[in-house]
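1. Provide a 3D model corresponding to the input given below.
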Amino acid sequence: MAKRERVMRMSVEQPLWRALTAYRVLTMLYAIGLFVTATARFAHPWVAVGYYAVLFVWTLATVPRVANAASCTKRFLAVDLAVALTGILLTPVAVTHHSIVDGGPTLPSIWTAGSVLAFAIKGGWRWAAFASTLVAVANLVERGAPTRDTVHNVILVWVASIAIGYVVEVARASELTLARALEIEATTRERERLARDIHDGVLQVLAMVQRRGSALGGEAAELGRMAGEQEVALRTLVSGGLLPVSRVSEDAALGAVVRAVEEPDDDGSPVDLRVLLAPYATARVTLSEPGAPVPLTPVAARELAAAVGAALDNVRKHVGESARAWILVEDEPDTVIVTVRDDGPGIPEGRLAQAEGEGRLGVALSIRGRLRELGGAAELISVPGQGTEVELKVPKVRPRV
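-> Numbering: from 1, shown residues only. Below is the predicted model:
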């Protein structure tokens, strides 16, 4: 079955860039509005008109630049901050001295904060501290003296920008942590799927070669010994293994990237579970099923049938080829229940935990692992001397994760 790679990019910063874009446009209009409504305070209005023309064109032309971190380069940030600083330093030339003494706004007004916030979102609190410090110096030069209002505004911009930059850095670290967790989960699920397939085939063949080789002796015994060693090595590999390092974008501001390999569900058409279970019915295995079809999704039907096969393999392996087994299929309104029962001696208490510790994952992966992937569950009931019963439950609608 063809597999596909699903790529997820996670970035909590993208909404911040969109908000910054809107902020720059609105504050540009606000600054121009202040000029239009208070032209009397301007000693040289044509200086202000020239600056606002540049500010208008620059703000609208650079909207794509502040749409995301990739477009917002260091060179752009430097030019953008220069536009803000130029407007602040031109204020004493454009407005009257009385307006400056009264604490009137600078030419760019609160548009300047947008430039500082761009530094904060792009580079974190250190970049924000650098940009806000330059703005503070420019404001002090424009006022000529550190008045209370000037100091208040400078500290407000400085603290706010550094706080936002710090939050962005924390969010960026959280994204990488979440990406790592998601990739570990995806890798673990894929490893469990491979382990189930390996257990159903390769491991059982190696175990059989080991047993038959030991019984035959001679060169066959050596072959059996080698098969046993490979079985142990393979069990260790599927039980542990290495996890790939999470892939992250070259620019951390772009957010974390997670790639997960998915195995799509056939064509999605329901499958009659009875058809998949029919081959298990033999002279020593009795299959009892409803008279009507038992529809399940292709994946659910295939995995449930494989879990039944794994349970029957355990019966043959631990009870013997002559053991009798019974399969009962129950079609409930929301759940499909399949019970596999044998007439063996039962499982000693603690044996399953011991087998799992030894890397023998038949019940843990081939049975319980399959059903866990489907949102179902497996319950094993064993009474010494009375056989073993495995009850497999699968919901008819697979829950989305």
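2. Give me the below-cutoff pLDDT ranges for the protein.
-> Where the chain drops to pLDDT under 70, the residues are 1-12, 149, 187-188, 190-204, 229-268, 348-366, 397-401.
3. And the strands in it, which stretches?
-> 4-10, 256-262, 271-272, 285-288, 295-296, 325-331, 335-342, 377-382, 388-395 (DSSP state E).
4. Now that we have these, can you turn them into a markdown table and tack on distance to Val154 and mean neighbour count?
-> In short, each C-beta sits where N, CA and C put it, glycine included. Output for those, formatted as a markdown table (distance: least, Cβ to Cβ, whole Å; neighbours: other Cβ atoms under 10 Å):
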| stretch | distance to Val154 | mean neighbour count |
| --- | --- | --- |
| strand 4-10 | 35 | 12 |
| strand 256-262 | 35 | 17 |
| strand 271-272 | 69 | 17 |
| strand 285-288 | 81 | 15 |
| strand 295-296 | 67 | 20 |
| strand 325-331 | 73 | 18 |
| strand 335-342 | 66 | 20 |
| strand 377-382 | 62 | 16 |
| strand 388-395 | 61 | 21 |
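5. export these to CSV and tack on distance to Val157?
-> Listed next are the strands of the chain as CSV, based on distance: least, Cβ to Cβ, whole Å:
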stretch, distance to Val157
strand 4-10, 30
strand 256-262, 30
strand 271-272, 64
strand 285-288, 76
strand 295-296, 61
strand 325-331, 68
strand 335-342, 61
strand 377-382, 57
strand 388-395, 55
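6. closest to Met28 out of those?
-> strand 4-10 (30.4 Å; Cβ to Cβ).
7. which residues are in contact with stretch 61-71?
-> 13-14, 17-18, 20-21, 24-25, 72, 76, 80, 118, 121-122, 251, 253-254 (Cβ atoms under 8 Å, 6 or more residues apart in numbering).
8. In ChimeraX, how would I select just the buried ones from those residues?
-> Of the contacts of stretch 61-71, the buried ones can be selected in ChimeraX as follows, counting by 16 or more other Cβ atoms under 10 Å:
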select :13,14,17,20,21,24,25,72,80,118,121,122,253,254
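9. Now stretch 329-341 - C-alpha only, CSV.
-> The C-alpha coordinates for stretch 329-341 follow below in CSV (Å, rounded to 0.1, in the frame of the first residue of the first chain):
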residue,chain,number,x,y,z
VAL,A,329,-18.2,-12.8,16.5
GLU,A,330,-20.8,-10.4,18.1
ASP,A,331,-22.1,-7.4,16.2
GLU,A,332,-23.3,-4.9,18.8
PRO,A,333,-24.8,-1.5,17.8
ASP,A,334,-21.6,0.5,18.4
THR,A,335,-19.0,-2.2,18.9
VAL,A,336,-17.8,-5.4,17.3
ILE,A,337,-16.7,-8.1,19.8
VAL,A,338,-14.6,-11.1,18.8
THR,A,339,-13.8,-13.7,21.4
VAL,A,340,-11.1,-16.4,20.9
ARG,A,341,-11.2,-19.3,23.4
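10. ok, residues contacting that stretch?
-> By Cβ under 8 Å, 6+ apart, the list of residues contacting stretch 329-341 reads 273-274, 277, 287-290, 292, 294, 296, 304, 307-308, 311-312, 315, 325-328, 376, 387-397.
11. rerun that using 6 Å as the cut-off
-> 289-290, 294, 308, 311, 326-328, 389-396 (Cβ atoms under 6 Å, 6 or more residues apart in numbering).
12. One more: stretch 219-226?
-> Val209, Gln210, Gly213, Ser214.
13. Which entries within the residues you listed meet the buried criterion?
-> Of the contacts of stretch 219-226, these count as buried by 16+ other Cβ under 10 Å: Val209, Gln210, Gly213.
14. Can you tell me which of those is closest to Arg180?
-> Closest to Arg180, out of all of the buried ones among the contacts of stretch 219-226 and judged by Cβ to Cβ, is Gln210, at 38.8 Å.
15. In contact with the closest one, which residues?
-> Gly224, Ala227, Gly228.
16. which of those residues tops the neighbour count?
-> Gly224 (22 neighbours; other Cβ atoms under 10 Å).
17. In space, what's closest to that residue - neighbours in sequence excluded?
-> Spatial nearest neighbour of Gly224, excluding adjacent residues (Cβ to Cβ, 6 or more residues apart in numbering): Gly213 at 2.2 Å.
18. From Lys317, how far out is the one you found?
-> 17 Å (Cβ to Cβ, to the nearest Å).
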